[in-house]
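**Q** Structure, please.
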Amino acid sequence: MYNLSITTGKIADGFSALLMLCCILMVQSCTVPVQTTASLSSDNGDGTYTNPVINADYPDPDIIRVGEDFYMVSSSFVAMPGIPICHSKDLINWRIIGHAYDSITFRPQYRMENEQTAYSRLCWAPSIKYHDGTYYIGVNIADDGFVMFKSNKPEGPYSMHKFGKRLYDPGFFIDDDGKKYVTHGKTKIYLTRLKDDGTGVLDPDDEGTLIITAPKGYEYLFEGCHTYKRNGWYYIFNPALGYNGVQMISRSRNLYGPYETKVLIDDDINYAGAGVHQGGYVETLEGESWAYTFQDRDYMGRCVMLYPMKWEEDWPVVGPEGKPGKGVVTYRKPAVKVKQEITFPQHSDDFSSSKLAHVWEFNHVPRKDKWSLTDRPGYFRIYAQYAKGFEWARNSLTQKVSGPYSTGTVSLDLTGLREGDFAGNGIMGRVMYQLGVRKKADGFWLEMRQGGREGETVVDSLPVKTDKIYLRTEVTKQGSLQFYYSLDNLEYNRLGPEGVSNFWGFLGIRHALCCYNLNKGATGGYADFDYFKIESNRRGNHYDAFTEIDFSQYDDREGMKLVRPIAKRPMQFISGVRDGNWLVFNNMYFKQTPQKVTIELQAETPGTVIEIREGSLDGKLIATCPINQSQTPGEWEKQTFEVSGAVKDKSKIYFLFRGQSQGLAIKNFIFY
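**A** This next block holds a predicted model:
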């Protein structure tokens with residue numbers, strides 16, 4: 001980028017102001033309005049949902065039902081407050097109502113003292129239960145052992161009880177007689193009895209009773225216990241095999257065993273090469289059973305998945321009818337009687353409250369005297385402290401990135417910055433990025449910074465003459481990051497190269513509002529954040545037919561396979577196509593009658609004809625697409641076909657494959 005100085009301009013006269021207003025109104029009238037919270041939900045608005053049910057980083061989920069209410073906890077690691085508690089009425093639409101704790105300060109690295117950090121440590125794999133008016137959340141702190149949180153309200157506050165004993169990946173369980181236990185361990189699963197009030201181990205010398213050993217071939221990461229009792233049987237859910245893993249189920253008539261173990265779920269759903277991991281099941285008030293796990297979605301983190309479940313001879317069976325052990329992409333919602341509004345845990349914030357919204361979590365333990373929502377009402381203020389880089393900056397305020405693609409925009413007031421201060425919106429991940437403004441002796445400099453533990457580099461910069469700036473981070477559907485700035489919140493300009501980050505410290509990438517001083521010994525100023533806004537132009541499985549759509553975003557398919565050619569990136573395509581295979585998109589929107597359809601593909605030979613049909617596999621034929629041999633073997637190319645006949649404004653669209661080309665792979669399509 002050219003090193004140009006940019007000055008905030010002012011509208012010179014009334015006519016200019018009127019002209020500007022007209023332009024804004026014209027732009028608004030010609031574009032589809034961008035939604036926020038609802039656009040991120042997996043609720044399709046038609047009685048179905050699309051997995052991931054929460055497309056954001058909520059690892060190691062554990063769900064219970066109390067009456068008609070569902071509560072979920074998940075891992076938080078170094079994020080403070082920790083262990084978010086989410087609430088739902090339908091298992092699809094969730095919101096955060098509290099946290100198990102405000103902060104854990106046992107060790108100096110939790111507080112980032114002397115440049116120590118605790119990334120990948122602290123709390124993971126929490127387990128929640130309800131009994132006789134009390135909510136219990138048990139969790140193992142990596143370096144400090146098991147703790148139990150107790151409250152008479154699901155949202156808290158919770159009291160904390162340290163056990164002084166390590167109970168790895170715990171499954172807290174309360175038997176019918178009220179006795180309390182924890183199943184725990186990795187590869188070998190142990191059972192430990194707790195005190196009746198759940199505040200400690202019954203026998204401090206008890207190292208646990210071995211009850212399950214992982215079956216041969218499934219030893220790796222056989223962990224993450226979720227323990228239940230149903231119809232006189234004890235069940236323990238465990239994942240195994242890690243990234244491309246499976247979910248296992250063990251059953252016994254006696255809590256202490258012996259147990260019989262089977263594979264419960266073995267599927268990568270709609271994200272090739274990434275199996276399922278830790279989860280359990282929950283029953284609705286109406287008697288339906290639903291299984292849940294997380295699935296590792298790389299840069300997005302570990303996202304919550306939901307599956308129908310039934311019982312056969314007292315064994316749980318997961319999957320749609322006729323497909324045991326398989327997940328679902330799009331499926332009907334749980335049949336609950338309570339109507340729930342469409343919502344999503346992550347959301348925008350204008351900082352108008354005097355209390356921090358539950359959606360926010362600090363990176364490590366914050367200094368409470370160095371941030372404020374009241375020093376300037378309506379703004380979130382961070383007072384700059386020295387840090388040698390973003391990774392060590394205290395009081396960085398984070399929010400999980402929402403997927404699969406979205407943008408996060410901040411409005412930032414710069415007037416409080418002092419020399420050496422840097423303030424902006426960062427992305428925390430395996431590679432750290434920050435887009436922000438640094439105060440130097442010669443004024444403000446807009447900088448894009450990149451780096452991590454090895455050090456930071458300014459990859460692009462330019463001077464700016466303004467007191468207020470807007471910073472935007474876009475997460476694309478390819479999983480890359482693009483960074484933009486604006487001086488008027490109307491025209492946005494890109495700064496720096498495209499970025500690529502990934503899952504790190506057991507967390508998906510996060511937005512992070514930051515302000516720190518890079519000059520050791522200097523007295524820092526402060527940054528005022530006016531708002532943070534999440535936007536996404538898609539909701540669930542709703543697609544505009546006149547935009548490019550990946551075939552991997554189907555609602556259901558028969559045959560074929562998904563391929564993800566680049567490890568840890570989300571780009572996928574369909575291959576292994578056979579005669580009679582099909583895939584379907586349930587909610588396709590046509591703003592006008594299409595004339596053509598273009599398909600991006602590879603084909604070694606001709607032979608396949610793709611029939612595009614409306615409504616059903618034998619529904620109205622709207623296009624016939626005879627596939628030609630690719631001009632350049634192994635290269636993607638676009639082939640265009642005529643569309644015949646009108647299509648409803650909203651349609652279910654099937655792609656039915658007839659015949660068979662050799663080496664056929666399909667990536668995306670677009671109508672026009």
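**Q** Just the helices from the stretch 1-150 of the chain, written as ranges.
**A** For the stretch 1-150 of the chain, helices defined by DSSP state H, counting those that start in this stretch occupy the ranges 14-30, 37-40.
**Q** Can you tell me which of those helices has the worst average pLDDT?
**A** Note on those: lowest mean pLDDT is at helix 14-30, with a mean of 37.
**Q** where's the closest residue to residue 482 other than its chain neighbours relative to residue 511, distance?
**A** Setting aside the residues directly before and after it, residue 482 is nearest to residue 474 in space (CB to CB, 6 or more residues apart in numbering), at 4.5 Å. In short, each C-beta sits where N, CA and C put it, glycine included. Counting by CB to CB, to the nearest Å, the gap from residue 474 to residue 511 is 11 Å.
**Q** Compare these two (neighbour count), which wins?
**A** Neighbours per residue, other CB atoms under 10 Å: of residue 474 and residue 511, the larger number sits with residue 511, 27 against 18.
**Q** is it fair to say that one lies in a strand?
**A** Yes: assigned with DSSP: H, G, I helix; E, B strand; the rest coil, residue 511 falls within a strand.
**Q** which other residues reach stretch 339-357?
**A** 36-38, 40-41, 43, 45, 54, 56, 58, 84, 86, 88-90, 92-96, 359-360, 373-374, 377-380, 397, 399-400, 402, 529-534 (CB atoms under 8 Å, 6 or more residues apart in numbering).
**Q** Show me where the stretch 351-500 of the chain has its strands.
**A** 361-363, 371-372, 380-383, 385-386, 397-400, 406-413, 421-428, 432-440, 443-452, 455-465, 468-475, 481-486, 493-494 (DSSP state E, counting those that start in this stretch).
**Q** Now do the second one, average pLDDT.
**A** In this case it means strand 371-372. On average, strand 371-372 scores 98.
**Q** Which strands or helices does that strand pack on?
**A** With contacts taken as 3 or more CB pairs under 8 Å, 6 or more residues apart in numbering; DSSP states H and E, strand 371-372 sits against strand 380-383.
**Q** what's the spacing between the strand it packs on and its chain's center?
**A** Counting by CA atoms, centre = their mean, to the nearest Å, strand 380-383 is centred 26 Å from the centre of its parent chain.
**Q** How about stretch 252-271?
**A** Here the centre of stretch 252-271 is set off from its chain's centre by 25 Å, with CA atoms, centre = their mean.
**Q** Extract the C-alpha set from it and format it as CSV.
**A** Presented in CSV, the C-alpha positions along stretch 252-271 are these (Å, rounded to 0.1, in the frame of the first residue of the first chain):
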residue,chain,number,x,y,z
SER,A,252,-23.1,-51.9,32.4
ARG,A,253,-25.7,-52.9,34.9
ASN,A,254,-23.3,-51.9,37.7
LEU,A,255,-21.6,-48.5,38.0
TYR,A,256,-18.3,-50.3,38.8
GLY,A,257,-18.6,-52.5,35.7
PRO,A,258,-17.9,-54.7,33.8
TYR,A,259,-18.7,-52.5,30.8
GLU,A,260,-19.3,-53.4,27.2
THR,A,261,-18.1,-50.8,24.7
LYS,A,262,-19.2,-50.0,21.1
VAL,A,263,-18.7,-47.3,18.5
LEU,A,264,-21.7,-44.9,18.6
ILE,A,265,-20.8,-42.3,16.0
ASP,A,266,-18.3,-42.6,13.1
ASP,A,267,-18.8,-39.8,10.7
ASP,A,268,-17.2,-36.6,9.5
ILE,A,269,-20.6,-35.1,8.8
ASN,A,270,-20.1,-32.3,6.3
TYR,A,271,-16.5,-31.4,7.1
